[in-house]
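> Got a predicted model here, sequence first, then my questions.
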Amino acid sequence: MERRTFIAGLAAAVASTAVPASAEHQTDRATIELESGDGSHHPGRPRFLHAGEEIADPLGHETETRDSIAPWNPDGDADYSWSVAEAPAGADPSLEGDGVVGFDPDEPGEYRLELEAPDGVHDLTVRVYPEETEDGARPTVDLDAEVVGDRVVLSATARAADREDVVGGDLDVEFYLDDRHRDRLGDLEGPISASEIDDRVRVHAVAVGTRHSVPDAIDLVPDGDSIRVEHPYDVPDWAENAVIYEIFTRRFPDQDEPTFDTIADRIDHLAELGVDAVWMTPFLETDRGFGTPPEEGGPHGYHISDYFATDPDLGSLEEFEALVEACHERDIKVIFDLVINHTADSHPFFQAATDPDHPEHEKYADWYRWTDREALEAEFYFGWADIPNLNYNEPEVREYLLEVIDFWAERVDGIRADVAWGVPKGFWQEVYDRLERHDPEFLMLDETMPYDVEFAGGLFDLHYDNHLHAALSDAADGNAEGILEAVERRRAEGAPDRALFMQYVENHDTDRYLANHGGEAQRAAAAATFTLPGVPLIYYGQETGLREWREAMNWGEFDEDLLDFYRRLVGLYQDHPAFGARGRLERIDYRAEEDGGLAFARYDPETDRRAVVLLNFATGPQTITVGDYVHEENLLAGGEANIEYADDGDYAEVTVGTAVVLEADEPTDFTMPTDPIVVWESEDGTDHGPGTYTYPTTDEIPAGELDLASVTIEGGEDGYRIEYEFQNELSDPWGGSHGFSHPMMQVYLRDPDAEGGATEAREGVNAQFDAPYHHRVVADGFGNEFEPRVETADGEYVSGVDVEYDRENDPRTVALIVPRDGLEYVPEGEGMAIVCSMDGHGEGRVRSVSTEGGEWTFGGAEAPNAPNVIDMVTPDGIDQSEALAHSADEPATIPLAQIGEADAEDETGEGSEDDGGVDESDDSIPGFGVGAGAAGVAGGVAYAAKSALEDDESDAAE
């Protein structure tokens with residue numbers, strides 16, 4: 001394709017009305033001749049979308065990703081025409097545009113578009129999947145191939161959001177031969193013969209379920225007598241575990257002479273920090289350079305007035321190239337900030353576009369987007385009236401901008417695409433293909449917020465994680481758990497495994513974290529960006545204590561302690577195999593003493609090394625409890641961490657100033673220390689209702705089976721753990737899905753601040769309460785028949801309940817794990833716990849009591865209206881016979897007990913410290929003010945442990 005020069009003639013023509021282009025660069029273009037794809041005008045890879053989705057680039061959609069279909073290697077002087085050559089039966093699709101088009105398919109199926117270009121006719125496949133549920137998780141796919149004899153065998157691993165391989169189950173995989181290469185292979189219907197492939201062939205794959213995946217691709221490349229498999233969408237090797245440093249170009253160097261030369265003088269600072277790449281904010285000719293006032297963003301340079309000229313105040317192109325060389329000598333890559341969504345309004349092109357008398361007016365008016373073309377009212381980025389948006393529906397604009405990219409690609413190691421979401425995705429597909437063929441190690445970073453996982457499908461390598469950035473701020477306000485949820489979100493949204501995410505505490509568009517949240521939280525946030533899976537970014541001055549948005553670098557006034565912390569973070573990130581982008585993120589159980597605490601693990605399967613990370617966003621040190629599988633050495637601070645291993649448990653309490661990192665063995669289940677809200681106890685031998693009941697005569701319901709020992713309610717951030725401990729081991733003659741057969745457990749809860757409720761117990765119990773209750777928790781051993789649940793007083797289902805029972809280690813205890821939502825009142829409320837006998841055919845699944853009893857019926861009822869309650873706990877001063885007293889005319893009226901105080905005793909009323917009652921002065925569980933007797937912690941792991949995904953100055957609590 002012949003290269004053309006756009007600016008030379010224009011610059012002279014507009015010299016009186018616009019900023020002219022520098023004469024030095026008018027003929028100084030890229031010396032490399034890059035091509036996209038096979039060098040033809042073919043529009044590239046197949047497109048994949050779903051019904052209801054359009055390929056469109058409309059006006060005014062400032063925050064929506066745009067797209068269009070265009071000829072590659074465009075020639076602005078050429079004519080192009082498009083048509084729909086094939087469509088599903090009944091479809092009526094539409095193409096909008098001329099050389100660059102939008103496409104609106106109205107039916108699922110496969111379409112074939114046809115481009116007539118100067119070099120021939122080109123086909124493009126568009127696959128449209130059925131309309132999808134947007135809130136469903138997207139699958140992912142990894143495509144590969146191997147050569148077996150003369151056969152090329154394609155293989156694809158498709159995963160749902162939970163990472164399970166489900167090919168052949170809920171997911172399918174579709175393979176597509178690139179339209180450009182159909183003459184090289186034909187199709188993929190039968191076996192692929194390696195000997196048939198004599199030129200590069202690209203194959204695409206998409207996983208399909210209720211939604212479709214981001215596509216993957218491989219190239220099959222002849223290599224002597226064999227075939228080499230290349231992965232064109234893989235990220236550069238160097239970026240996998242890189243540390244990127246962003247400099248605000250005009251504020252980073254010494255301010256007495258801020259130039260490329262003085263930036264080069266400061267590169268040793270980055271080398272000593274351990275940086276792998278430096279991202280420079282724009283340094284091209286601009287009307288937002290030195291002297292731009294703070295209210296206009298300071299000297300940011302994002303309003304470009306010449307794409308081929310450096311800002312003369314910073315230095316010449318040769319001086320910039322010398323700066324790049326200085327970086328390369330220190331093994332530091334350079335990332336160029338590419339701003340091609342818009343230009344400055346002072347750009348000669350826009351000056352011509354808005355001047356009807358300019359000789360090139362009509363030409364350059366086509367280069368911009370207009371809300372009113374006749375009135376010359378331009379579409380501006382975010383409505384800012386000094387940066388008009390470029391028009392990618394004009395092939396000549398694409399041709400020009402590809403020349404810009406070619407020019408800088410031979411001088412730098414990567415591109416950060418400003419406002420990447422504002423430029424059509426199809427253009428980025430061409431750019432990525434073009435640069436990947438030029439240099440597979442060239443990095444593409446997109447600024448897209450919120451991130452779009454489609455950009456990981458061969459458009460960009462590295463993506464802003466704006467969700468994590470927001471979560472880091474929320475963590476300083478107490479919600480540290482959101483950090484892990486942000487990382488989980490990548491997978492849920494369908495990000496492929498190869499996708500890299502840039503993790504940042506701050507950048508040139510955000511406030512300084514240090515100023516907003518303080519030094520302790522800033523260290524914790526930085527540690528998160530270095531220890532979670534992704535690529536960490538340091539914004540200039542973040543490591544030295546800068547507090548203002550775009551202030552000058554504080555050379556000679558560094559916070560040396562903070563700088564040392566960042567050096568150690570970089571060293572840990574680069575030295576420990578569990579960190580970096582590809583180490584696994586593991587959920588672990590933990591308990592934070594205060595809000596703002598967080599713990600997770602990272603694991604490297606190749607070396608079998610694991611590290612546990614503990615972060616504290618709160619002010620002042622706090623204790624975070626994890627399993628005792630952690631080692632004592634603090635990998636971040638050096639020396640031993642401040643850890644206390646429990647003598648009476650399998651947990652460890654770690655004092656965390658801001659960040660502690662510990663080598664660890666494989667995480668195991670452990671008993672978390674928890675604060676019991678209440679422990680209600682029942683004396684041995686009280687499984688006789690009001691005192692007269694007898695067990696059925698069958699051997700399948702053993703006497704003593706329902707003899708209650710205690711009921712403990714423990715509280716946590718997410719819910720409650722209600723433990724029923726029985727005097728005897730539970731039997732399971734009927735094979736209950738939870739491992740036991742007989743107990744029907746019911747807990748009644750009263751909200752002291754709520755109106756309404758009910759006094760009548762659940763159906764089948766045949767009793768009432770002395771005050772209205774509002775919720776009840778109900779569970780038996782057969783969750784496969786009856787879902788354990790929380791109900792309202794009138795029986796409406798509220799939520800499910802998890803049942804835990806471990807026959808091997810604790811055969812007398814059943815734990816009910818109850819969500820907190822709607823039950824926040826429990827610690828201040830009232831309640832009562834009863835146990836009945838489960839009968840799957842009985843009213844309310846409760847076994848009845850009669851006077852005579854029988855093989856399957858309890859006996860001993862002395863009057864009608866007998867309650868079907870076999871055992872229960874009782875409030876202080878009331879014995880069980882009194883609580884279950886009834887007559888022929890009146891059912892039993894059961895009293896509710898206070899929750900939150902250990903005032904419920906056994907039926908003799910003799911609860912005390914000696915018999916296991918709670919003593920609030922007991923400190924038997926270290927670090928948590930209230931202790932518990934055996935009943936209080938029986939049964940083990942508290943759900944209150946947060947199951948999470950993925951500085952203090954002292955060494956012990958770093």
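Looks like it arrived, so ask away.
> any idea how far stretch 153-164 is from the chain center?
19 Å (C-alpha atoms, centre = their mean, to the nearest Å).
> So which bits of that stretch are buried?
154, 156-161 (16 or more other C-beta atoms under 10 Å). In this view, the C-beta of every residue, glycine as well, is placed from N, C-alpha and C.
> Repeat that for stretch 201-219.
For stretch 201-219, by 16+ other C-beta under 10 Å, it's 201-209, 211-219.
> same deal with stretch 298-314?
Quick answer for stretch 298-314 (16+ other C-beta under 10 Å): 298-311, 314.
> tell me the average confidence for that stretch?
What stretch 298-314 shows for mean pLDDT is 96.
> Keeping just the C-alphas, turn that stretch into PDB.
C-alpha atoms of stretch 298-314 as PDB (Å, rounded to 0.1, in the frame of the first residue of the first chain):
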ATOM      1  CA  GLY A 298      -2.400  21.200  34.300                       C
ATOM      2  CA  PRO A 299       0.100  20.300  31.600                       C
ATOM      3  CA  HIS A 300      -1.400  16.900  30.700                       C
ATOM      4  CA  GLY A 301      -0.900  16.900  26.900                       C
ATOM      5  CA  TYR A 302      -4.000  15.000  26.000                       C
ATOM      6  CA  HIS A 303      -5.100  17.600  23.400                       C
ATOM      7  CA  ILE A 304      -2.900  16.600  20.500                       C
ATOM      8  CA  SER A 305      -2.200  19.200  17.800                       C
ATOM      9  CA  ASP A 306       0.400  17.200  15.800                       C
ATOM     10  CA  TYR A 307       0.800  13.400  16.000                       C
ATOM     11  CA  PHE A 308       4.300  13.300  14.500                       C
ATOM     12  CA  ALA A 309       5.900  16.100  16.500                       C
ATOM     13  CA  THR A 310       7.100  16.000  20.100                       C
ATOM     14  CA  ASP A 311       6.400  19.000  22.300                       C
ATOM     15  CA  PRO A 312       9.300  21.300  21.600                       C
ATOM     16  CA  ASP A 313       9.300  22.400  25.200                       C
ATOM     17  CA  LEU A 314      10.200  18.800  26.200                       C
END
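> And the helix or strand hosting residue 776, what does it pack against?
Using DSSP states H and E, the element containing residue 776 is strand 775-779. Packing partners of strand 775-779 (3 or more C-beta pairs under 8 Å, 6 or more residues apart in numbering; DSSP states H and E): strand 743-750, strand 789-792, strand 810-819.
> ok, it: who's next to it in the sheet?
Paired neighbours of strand 775-779 in the sheet (DSSP bridges): strand 743-750 (antiparallel), strand 789-792 (antiparallel).
> residues in contact with whichever helix or strand comes after the first one?
Put plainly, it is strand 743-750. On the C-terminal side of strand 743-750, the closest following helix or strand by DSSP H and E is strand 758-760. For strand 758-760, the external contacting residues (C-beta atoms under 8 Å, 6 or more residues apart in numbering) are 768-773, 793-794.
> got it, and stretch 576-583?
240-241, 500, 530-531, 533-535, 572-574, 584, 602-604, 606-607, 609-611, 635, 661.
> what's near enough to touch residue 889?
Here residue 889 is in contact with residue 865 (criterion: C-beta under 8 Å, 6+ apart).
> And it, how far from residue 867?
14 Å (C-beta to C-beta, to the nearest Å).
> what do you get for residue 105?
Relative to residue 867, and taking C-beta to C-beta, residue 105 is found at 67 Å.
> And for residue 663?
57 Å.
> Neighbour count for these two, which is higher?
Applying other C-beta atoms under 10 Å to residue 663 and residue 867 shows that residue 867 carries more neighbours, namely 26 against 17.
> surely that one meets residue 766?
Yes: using C-beta atoms under 8 Å, residue 867 makes contact with residue 766 at a distance of 5.2 Å.
> Which neighbours do those two have in common?
891-892.
> And stretch 601-611, what's buried?
601-604, 609-611.
> nope, stretch 796-811 is what I meant
Quick answer for stretch 796-811 (16+ other C-beta under 10 Å): 798-799, 801-805, 810-811.
> Now the helix or strand residue 502 falls within - C-alpha only, PDB.
Residue 502 is part of strand 500-504, with elements assigned from DSSP H and E. What follows is strand 500-504, C-alpha atoms only, in PDB (Å, rounded to 0.1, in the frame of the first residue of the first chain):
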ATOM      1  CA  LEU A 500      -4.000  -9.400  32.100                       C
ATOM      2  CA  PHE A 501      -5.500  -6.700  34.300                       C
ATOM      3  CA  MET A 502      -3.600  -3.500  35.400                       C
ATOM      4  CA  GLN A 503      -4.100  -3.000  39.100                       C
ATOM      5  CA  TYR A 504      -3.700   0.600  40.300                       C
END
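> which other residues reach it?
Residues contacting strand 500-504 (C-beta under 8 Å, 6+ apart): 235, 239-240, 244, 445, 451, 461-465, 468-469, 490, 495, 528-530, 532-537, 539, 581.
> got it, and stretch 76-94?
In contact with stretch 76-94 (C-beta under 8 Å, 6+ apart) are residues 4, 41, 69, 71, 95, 97-99, 101, 103-118, 123, 394-397, 399-400.
> Kindly recompute the last result at 6 Å.
The contact list for stretch 76-94, computed with C-beta atoms under 6 Å, 6 or more residues apart in numbering, reads 71, 95, 99, 101, 104-107, 109, 111-112, 114-118, 395-396, 399.
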